Structures are given as C-alpha cells and as structure tokens.
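Visitor: From the sequence below, what's the structure:
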Amino acid sequence: MASEPLGQRIQPSLRRWANALRKHGWFPHVPLAVLVAGGALKLLHLDVGRDWQRYLALVMEGQFDQHAAVLPPLLIGLGQLTMSAGLLMRSRVGWTMTVLMTIAAIVSLVLGRHQSTPTLIYFSLLLLALLISWRAFDRSSLAASTLFAFTSVVMLVMYATLGSYYLGAEFSPPIKDLVTALYYAMITMTTVGYGDIVPHTPESRLFAVSVVVLGVAVFATSLTAVVTPMINRSLQRIVNQKGRIMKRKDHYVVIGNTSLAINTWRELVKRGQSVTRLLRDAPEEGELTEVDIVVGDSSDVDVLRQAGAHEAKAVLAMRDDDAENAFTVLAVKELAGTARTVAAVNDARHLSRIKLVQPDVIIAPQVLGGELTAMLLTGEKVTADFVLERVFR
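Guide: Next comes the predicted model:
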C-alpha cells in the first residue's frame, strides 16, 4: 500500500493544533498583537535609533527642524504600540486602526529616508495576516474604544504641537518654544482662535487648516467610538430586561438569526416549549416583542449565563459562522451545566473541526443537500435512516 503524501499526513495534526490554539482563547489576536508591537519597535529603531534621549534633547533645544522627517514614523510606531493593546481585546476599532497604521508604515518605509526591504516585507505580511483574521476581531469594547480615542487625541496633539514648532518662523509672532506651540495647537484644534498668533505663509496656513480639520474629525470620531458601546450596552440591558419575565430554567436556548434558527425556535414554541433566543444585535423596535431575547456574544460565558444556558435543556448554536458555533459549544461546556449542546454546520469542510469540540448533536442540513441530489440523479436508494444519519451526525 502506497504511503500517503506528507501534506495529507500532517494536515490532521495542523487542524488539531489550530483548534487547540483557538480553544485556549488566545489565537490569533495575541500573536498578532505581539507582531504589531514588534514591528512598531523595529520602525522606531529604524528611524529614531537607540539614542532617543539625544534626539529628545535636540528637540527641546529648538533643533527640531533637523529631524522633522522622523515625525511620521514616530507617530506611526507609537500608535501601533498603543493599538496592539486593542488587538488583545479583540476590538474591531483596534483592528481597524492597526490596519490603517500598518498601511501608513508601509508608505513611510517606501517614501521615507530609511528604506529597509526586510522591514517592508515584514509589514506587508503583517497586513496580510491582519486582513485574513478580521473575523476574530468583532467586539465593541468600551475599554478599546477609549484607548482608540486617547491615542487619536494624543497623536493629533503631537502632530499639531511639533508641526507648529517646526513652522514657528512662519507665524506672527514667531513660535519659538514648545509651550507656545502647544498653546497654539490646542487653540486651533478646539477652533477657539484668539487671533494672537496668526500664520502668514501659505505653508503655515495650510498646516492650520489641516489641524482644524483633523481636530474636528478626531474629536467627533473619538466621541462616537466611546459613546456607541455605551449606547449598545444600554440597549442590550433594556432588551434583556424584557426577557426576564420568563423563568429561564428547563428551557431551550436558540442562538443565531439564520433560517434554521428561526424555524427551530418556531417549531419548539408550537410544541409548548420555553425558548430563549440569543442574538448578536438587538432587533428593530416592534419586532419580536413577545419573545424572550438576550443580546450579546454567544461565546461569552456571562452572556450565556444570562440566557440561562447552565440550566437549559439544550443550547442550539445555529449561527451562519461554523467557527462561532464551535466557540459557543466550548463556552457552554465551560459553564458545566446539564444542557445538551447542538451545533449547526454550514460548510462540509468544517465538519471534522466541529466534531473536535464534541457537541452532543451535530446537525448539518445544508451539507445533506448536495449528497441527496447526487444520489437521486444516480438512482441510489434514499432511506429515512440515511437522512437521519446525515442530518444529525
């Protein structure tokens, strides 16, 4: 018997390793955060070097004009270091800002004074890894949004202050120290404009315009980033408060808003069963008013406990993402309750991976369609036992 190719032999091992990494809850966001932080330090070292104390002293002595080219990579590097914390929280805002800063780092390496091919390749691969793993960053975290807001404001203040200091001779009266530059930056960003310091060259006027535009945009975006999670949490509490009318015990928890989840919920209700629906987003006003609903992340143990998953008869993970269904099963097992777990499979390629998390029942109705079609067209006999075996694996 011919031996199997090397790729086929190592594939099951790779799948087990990937599943084990996801199971422990630190992949891929932790490695990506470390890689982003490492790239940021490399970028800072490339342009600033180890002698950052001397560079800082020269800036404080008014010799910033000799080192203006280092400002973009300095801001990008510091921003990436800060946003790596957002990646650890699996924040969508942190992921978005990291992607934008990684693109900015690539542009800086291409156009900057220090062009390093290995570093450019590193950031290009890092950008590809971030884009591939976008599904892992789906949380709206108040802490991550606050971090984003703080980082954006700090970077804007640095840009406005150092830019004012660098163009100091083009203002009337001239800006000769960092304190005056910070004063002008804050007055301009907040659009107060006392008029005691006025730009009198085209370059300084364009710079003032950029500070005003960026100031309005950053403050508005930062406010939205912080307020939106707070509003979402309030809406979730309101929706979930309505659902507490029903006693969540010996019931069914149906997770997801797919056709399979909706039909399962309806059939259970028709049979007189108590059902709690767990949705990621709150329904529109007027929809599902008489339904017991919990809104939140189904892989969050606290959300599942709020839905009574630890005292339910069964928890049915029926979202359209097979990976999220697997994470939900793992979270239910972490509760150590008596509920049976049911996982839906939407893609036949994920069936073996879903089996690794060991749900009590695997239901794969969409996987069955292609097999039944082929059997009917080729004249094979279809029995009830065959259908049950394929649907409930």
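
Visitor: Show me which residues of stretch 127-140 are buried.
Guide: Judged by neighbour count (16 or more other Cβ atoms under 10 Å), stretch 127-140 contains these buried residues: 127, 130, 133, 136, 137, 139. All C-beta spots, glycine's among them, are computed from the backbone N, C-alpha and C.

Visitor: count of residues packed around the nearest residue to residue 155 once chain neighbours are set aside?
Guide: Once flanking residues are discounted, residue 155 sits nearest to residue 75: 5.3 Å by Cβ to Cβ, 6 or more residues apart in numbering. Using other Cβ atoms under 10 Å, residue 75 has 19 neighbouring residues.

Visitor: ok, now residue 214?
Guide: 16.

Visitor: packing partners for the helix or strand in which residue 159 is found?
Guide: Using DSSP states H and E, residue 159 falls within helix 142-166. Judged by 3 or more Cβ pairs under 8 Å, 6 or more residues apart in numbering; DSSP states H and E, the packing partners of helix 142-166 are helix 71-88, helix 92-111, helix 178-189, helix 202-243.

Visitor: ok, and what's touching the shortest one?
Guide: Contacts with helix 178-189, where a contact means Cβ atoms under 8 Å, 6 or more residues apart in numbering, come from 59-60, 156-157, 160-165, 168, 171, 175, 193-194, 197, 208, 211-212, 214-215, 219.

Visitor: Among those, name the buried ones.
Guide: In those, burial by neighbour count holds for 59, 156-157, 160-165, 168, 171, 175, 197, 208, 211-212, 214-215, 219, counting by 16+ other Cβ under 10 Å.

Visitor: Any stretches of the stretch 1-150 of the chain with poor pLDDT?
Guide: The stretch 1-150 of the chain contains residues with pLDDT under 70 at 1-25, 47-72, 112-114, 138-145, 147-148.

Visitor: Residue 372 versus residue 172, what's the distance?
Guide: From residue 172 across to residue 372, the span is 81 Å (Cβ to Cβ, to the nearest Å).

Visitor: Residue 43: what's it in contact with?
Guide: 73, 76, 77, 80, 105, 108, 109, 119.

Visitor: residues touching the fifth one, list them.
Guide: Meaning residue 105. Contacts of residue 105 by Cβ under 8 Å, 6+ apart are 39, 43, 73, 76, 77, 80, 123.

Visitor: got it, and the last one?
Guide: Listed by Cβ under 8 Å, 6+ apart, the contact set of residue 119 reads 39, 42, 43, 46, 109.

Visitor: Just among these, which is most surrounded?
Guide: Neighbour-wise, the contacts of residue 119 (other Cβ under 10 Å) top out at residue 43, 27 neighbours.

Visitor: So that residue: helix, strand or coil?
Guide: helix (DSSP: H, G, I helix; E, B strand; the rest coil).

Visitor: returning to what we had before: of the contacts of residue 43, which is the nearest to residue 346?
Guide: Within these, proximity to residue 346 (Cβ to Cβ) peaks at residue 80, which comes in at 35.3 Å.

Visitor: Grab the nearest non-local neighbour of that closest one.
Guide: Spatially, and ignoring its direct neighbours in sequence, residue 80 is nearest to residue 40 (3.7 Å; Cβ to Cβ, 6+ apart).

Visitor: gap between the two ends of stretch 293-301?
Guide: Stretch 293-301 has its terminal residues 16 Å apart, counting by Cα to Cα, to the nearest Å.
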